[in-house]
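>>> With the sequence up front, the predicted model follows.
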2 protein chains.
Amino acid sequence: MTTNPATSPDVRRRRDPEATRAAILEAAEELFLKLGPADTPTSRIARQAGVTKSLIHHHFGSKDDLWDEVKRRHFGQYYEAQRTMLASSQGTAEMLRDSLVGYFRFLQQDPHAVRFMSWRFVEEGDDACKTQEDELFELGIERVREAQDKGELRADLEPISIIKSFLAMAMHWFQSKPLLCQMLGPEADVDALEERYLDDVVKIFLDGVRPRDKQPD
Amino acid sequence: MTTNPATSPDVRRRRDPEATRAAILEAAEELFLKLGPADTPTSRIARQAGVTKSLIHHHFGSKDDLWDEVKRRHFGQYYEAQRTMLASSQGTAEMLRDSLVGYFRFLQQDPHAVRFMSWRFVEEGDDACKTQEDELFELGIERVREAQDKGELRADLEPISIIKSFLAMAMHWFQSKPLLCQMLGPEADVDALEERYLDDVVKIFLDGVRPRDKQPD
DNA sequence: ACCCTAACTGGCCGGCCGGTCAATAGCGTA
DNA sequence: TACGCTATTGACCGGCCGGCCAGTTAGGGT
């Protein structure tokens, strides 16, 4: 699992730039996210990928370039998943619930995704995912507007607020999950808590975001 | 502003360990949060503090110890602020709104606070703030339970879910704010958007979290 | 068969970084 | 005034890390 000999074939062909690139990217992604880009020596990435350090520079240039490529590749997957999710959605309240659950499940099943976002929050400079993320954001706002026009969503809310709180609810759970586990101790059933959180957040968010049958106060 | 000559008196007394420690901590906090702990050389902290690198090791031991101390000091302030806020609160819906607004304002006025949390999310090992954070968490849960008992909050929600979504709503905005600014460009009025977000989130959260006058479907 | 491109290797270097240490000099105290 | 403690200094070190380079070899095109 650690030293990666090949991708599909039994034995790595003696020259296989594709497999080499893949092995380096895989090792780099794991180590960068685990230790942080600055605390990850290229030598260690090379060792884990079963490759010489020079090959990293041969295929990717510098260490920073490799980090960029790792981000780009992973965000590409995220982008595709979210794009199809947004494209297939209709502007109804059910769709909003499904989107929330779907997004939560997506983050749940891909722990790397949240760590990527965390690192993007912490770094300051521009990054390679900018344009794709903008596109998703615009698409999401469009969907929200549609739902508002249909009366499925409260019209007195700024779409940006809805998108942002949507993302916050899902992302923050997984961002703070390690700290929560550490706090509750190893005997706690965090998985059950996670399901409960999803249920509750769906309730809170949907009830808060849908038009009220009767406006109080 | 950068090289710190003294705290209160006009001239830094030639021997002033208190001021020295303070200058180092201040410079370290700024640089650690800006560049990240791993990318911040002690030499640069020393330069910015107007102090020799050796003094850092003299007063704080190692670089890691300094980082721990910076976290401990800053989290202490956060802890005090949140503790008084939680202690003074009553278990009513108005209190919940005030808490949300108050917490938002707190993060708004202290940008370092969110960056600290971001770094804690990204690091894995134990940290020095553990016990204090646990205390705040327990206190918050207690308050939520009180409000639920009074019927001011829906009883079908797990208190942890309420706390977590509460924190998520406020924190995520500031975590992703730099990316949002970068996306919207320099001409956008992000401050107005921020106020709007706070308004909307208060609506969403309170409407979602309060018992419904009439339960739909 | 030849060759040329590019994948791949091992060794190496310059630089920076965290940390140490011996020496110096203020400051409180007796 | 003399002493001792410690804040402070600057020089220094060992190690690691990112990157480079000269050389080797596989493989594909002609």
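Everything's here; your move.
>>> pLDDT below threshold where in chain A?
A:1-13, A:212-217 (pLDDT under 70).
>>> Any residues of it in contact with DNA strand D? List them.
Within reach of DNA strand D by Cβ under 7 Å from any atom of the strand, chain A has these residues: A:13-15, A:40-44, A:53-54, A:57, A:62-64. Yep, even glycine has a C-beta here, placed from its N, CA and C like the rest.
>>> Give me the buried entries from these.
A:40, A:42, A:63 (16 or more other Cβ atoms under 10 Å in any protein chain shown).
>>> re the thing from before, quick one: which of the residues of chain A next to DNA strand D is nearest to residue B:187?
For the residues of chain A next to DNA strand D, the minimum distance to residue B:187 (Cβ to Cβ) is 29.9 Å, reached by residue A:64.
>>> Can you tell me how far the closest one is from residue A:108?
Distance check for residue A:64 against residue A:108: by Cβ to Cβ, to the nearest Å, it reads 31 Å.
>>> Is residue A:156 within a helix or a strand, and which one?
Assigned by DSSP states H and E, residue A:156 belongs to neither a helix nor a strand.
>>> just to revisit the earlier point, please flag which of the buried ones among the residues of chain A next to DNA strand D sit within helices.
A:42, A:63 (DSSP state H).
>>> among the buried ones among the residues of chain A next to DNA strand D, which are within reach of chain B?
Among these, no residue is within reach of chain B (Cβ under 8 Å from any Cβ of the partner chain).
>>> Which residues does whichever strand or helix holds residue A:95 contact?
Secondary structure from DSSP H and E places residue A:95 in helix A:93-109. The contact list for helix A:93-109 (Cβ atoms under 8 Å, 6 or more residues apart in numbering or on different chains) reads A:81-82, A:85-86, A:89, A:113-114, A:143, A:147, A:152-153, A:166-167, A:169-171, A:173-174, A:194, A:198, A:201-202, A:205-206, A:209-210.
>>> Filter those down to the buried ones, ChimeraX style.
Here is the ChimeraX selection string for the buried members of the contacts of helix A:93-109, based on 16+ other Cβ under 10 Å:
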select /A:82,85,86,89,113,114,143,147,152,153,166,167,169,170,171,173,174,194,198,201,202,205,206,209,210
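>>> Return the subset of the contacts of helix A:93-109 lying in helices.
Those of those lying in helices (DSSP H): A:81-82, A:85-86, A:113-114, A:143, A:147, A:166-167, A:169-171, A:173-174, A:194, A:198, A:201-202, A:205-206, A:209.
>>> Quick one: neighbours of the closest residue to residue A:85 other than its chain neighbours, just the number.
Distances taken as Cβ to Cβ, 6 or more residues apart in numbering or on different chains put residue A:102 closest to residue A:85, at 5.7 Å, once the chain neighbours are dropped. Number of residues near residue A:102 (other Cβ atoms under 10 Å in any protein chain shown) recorded here: 17.
>>> Kindly report the same for residue A:193.
Neighbours of residue A:193 under the rule other Cβ under 10 Å: 19.
>>> Distance check, it against residue B:23.
44 Å.
>>> Give me every residue in chain A lying close to DNA strand C.
A:14-17, A:20, A:51-55, A:58-59.
>>> Could you check which helix or strand contains residue A:18?
helix A:17-35.
>>> Counting by contacts, list what that helix packs against.
Secondary-structure packing of helix A:17-35 (3 or more Cβ pairs under 8 Å, 6 or more residues apart in numbering or on different chains; DSSP states H and E): helix A:42-49, helix A:53-60, helix A:63-88, helix A:111-122.
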